[in-house]
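In: here is my input; please provide its structure:
(one chain, ligands or ions: 2)
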Amino acid sequence: MIRTIELCRRFHVGDTWVHALDHVDLEIAPGDFVAVMGPSGSGKSTLMNILGCLDTPDEGRYQLLDQEVAQLDDDRLSQIRNSHIGFVFQSFHLLPRMTALENVLMPLRYNNSVEASDRQRGVDLMDRLGLSDRMDHRPNQLSGGQRQRVAIARSLINQPPLLLADEPTGNLDSRTSEEIMELFEELNGGGQTILMVTHEEEIAAHASRVIRMRDGKIEHDSKTRH
Ligand SMILES: Nc1ncnc2c1ncn2[C@@H]1O[C@H](COP(=O)(O)OP(=O)(O)OP(=O)(O)O)[C@@H](O)[C@H]1O
Ligand SMILES: [Mg+2]
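Out: Ligands and ions are numbered 1, 2, ... in the order given. Predicted coordinates for the structure are as follows:
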C-alpha cells in the first residue's frame with residue numbers, strides 16, 4: 001500500500017537545518033496495523049503528514065497504492081488525500097457549529113449537496129461506532145471519546161484504504177483510549193489499514209507491528225525482527 005524510499009524532510013530553523021526525516025525506507029502492506037513510537041521531535045508527525053499528503057518530502061520517493069506522489073501538485077495531492085486517506089488527530093478537529101452527523105458528512109460536501117446514499121452511509125457508520133443517539137449533538141455536547149469517534153467516522157466516510165492517526169488517544173483517559181483501540185482493532189479486523197502514532201506502550205500493544213523512530217530515522221521495526 002505504501003512504500004517510501006530514502007524519504008527526507010528538513011526544516012531551516014535559525015541558521016541550522018533540522019533533519020526531521022532522514023532517509024526513511026518504509027513499507028506498509030494492506031491490512032497492516034502499525035504503531036509509530038519514538039521520543040518527542042523524532043519525526044513521527046512529519047512522517048504522518050507526508051504519508052497523509054499534507055506535506056511533501058524534500059528528497060526521496062513516496063508511492064501510495066502504486067502511484068508516485070512525492071512530486072504531485074497541491075490539487076492532485078488533495079484529491080488523493082480525499083479519496084485514499086482518512087486522518088484522525090489528537091485534538092479531533094471537529095467543526096463546533098455543526099452537528100455530529102454534519103461533521104461526519106463534511107468530506108462529502110463538494111457542491112454543497114450530499115446524496116441520500118452517502119448520508120445513509122454516514123448514519124450507518126455512526127451506528128457502528130456507537131453514536132446513533134448522538135447524531136444531532138454538537139461537539140461541545142459530546143464527551144472526548146465520543147468526539148474522537150465522530151472524528152473517526154468522518155475520516156472513514158469516503159472509505160479510504162488508509163487510516164492515519166496522530167496520537168488519537170492523546171487527549172483521552174485510559175479507559176476511553178482502550179475503547180478507541182478496540183474500535184481500531186475491529187476496523188483492522190475488517191481489513192482497514194491503520195498507521196497510528198502513540199507515546200504509550202499499552203496503546204501500541206493493540207497494533208500488530210511497532211516502528212520506533214529516533215532522530216528522523218527508523219530505529220526499530222518489529223516486522224523485521226520477528
Ligand atoms: N514546520 C516546522 N518548522 C521547523 N521545524 C519543524 C517543523 N515541523 C517539525 N519540525 C522539527 O522537526 C522535528 C520532528 O518534528 P515532529 O513534529 O515530526 O516530531 P514528533 O516525533 O511528532 O514529536 P512529538 O512526539 O512531540 O509530537 C522536530 O525537531 C521539530 O522541531
Ligand atoms: Mg507529533
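In: and the closest residue to A204 other than its chain neighbours, what element?
Out: With sequence-adjacent residues excluded and distances taken as CB to CB, 6 or more residues apart in numbering, A204 is closest to A35, at 3.7 Å. Just so you know, the C-beta spots here come from the backbone N, C-alpha and C atoms, and that holds for glycine as well. Secondary structure from DSSP states H and E places A35 in strand 33-37.
In: OK, contacts around the residue nearest to A204?
Out: The contact partners of A35, by CB atoms under 8 Å, 6 or more residues apart in numbering, come to M196, V197, T198, I203, A204, H206, A207, R209, V210, I211.
In: recalculate using a threshold of 10 Å.
Out: Counting by CB atoms under 10 Å, 6 or more residues apart in numbering, A35 touches 165, 184, 194-198, 200-201, 203-212, 222.
In: how many other residues sit next to the nearest residue to H12 once chain neighbours are set aside?
Out: Closest residue to H12 apart from its sequence neighbours, by CB to CB, 6+ apart: V18 at 8.0 Å. The burial count assigned to V18 is 14, neighbours taken as other CB atoms under 10 Å.
In: go on, G130?
Out: 13.
In: which residues are in contact with it?
Out: Contacts of G130 by CB under 10 Å, 6+ apart are G145, Q146, R149, E179, L183.
In: how near is it to ligand 1?
Out: 28 Å (CB to the nearest ligand atom, to the nearest Å).
In: the nearest residue to G38 once chain neighbours are set aside: what secondary structure?
Out: Residue nearest to G38 in three dimensions, not counting chain neighbours: M213, with 3.5 Å by CB to CB, 6+ apart. Here M213 is recorded as strand under DSSP: H, G, I helix; E, B strand; the rest coil.
In: M213: neighbouring residues, count only.
Out: 24.
In: which residues touch it?
Out: 21-22, 24, 36-39, 41-44, 46-47, 197, 219-221.
In: beta partners for it?
Out: Listed by DSSP bridges, the beta-bridge partners for M213 are I218.
In: R76: how many residues sit nearby?
Out: R76: 13 neighbours (other CB under 10 Å).
In: for ligand 1, what are the nearby residues on the protein?
Out: F11, V13, V18, A20, G38, S40, G41, S42, G43, K44, S45, T46 (CB under 6 Å from any ligand atom).
In: give me the nearest residue to the last one, chain neighbours excluded.
Out: Counting by CB to CB, 6+ apart, T46 lies nearest to A20, which is 4.1 Å off, once chain neighbours are set aside.
In: the helix of greatest length in the chain: which residues count as buried?
Out: Ranked by number of residues, the top helix in the chain under DSSP state H is helix 174-189. Buried residues in helix 174-189, counted by 16 or more other CB atoms under 10 Å: T176, S177, E178, E179, I180, M181, L183, F184, E185, L187, N188.
In: turn those residues into JSON lines, including pLDDT.
Out: Output for the buried residues of helix 174-189, formatted as JSON lines (pLDDT from 0 to 100):
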{"residue": "T176", "pLDDT": "93"}
{"residue": "S177", "pLDDT": "95"}
{"residue": "E178", "pLDDT": "95"}
{"residue": "E179", "pLDDT": "93"}
{"residue": "I180", "pLDDT": "95"}
{"residue": "M181", "pLDDT": "96"}
{"residue": "L183", "pLDDT": "94"}
{"residue": "F184", "pLDDT": "97"}
{"residue": "E185", "pLDDT": "97"}
{"residue": "L187", "pLDDT": "96"}
{"residue": "N188", "pLDDT": "97"}
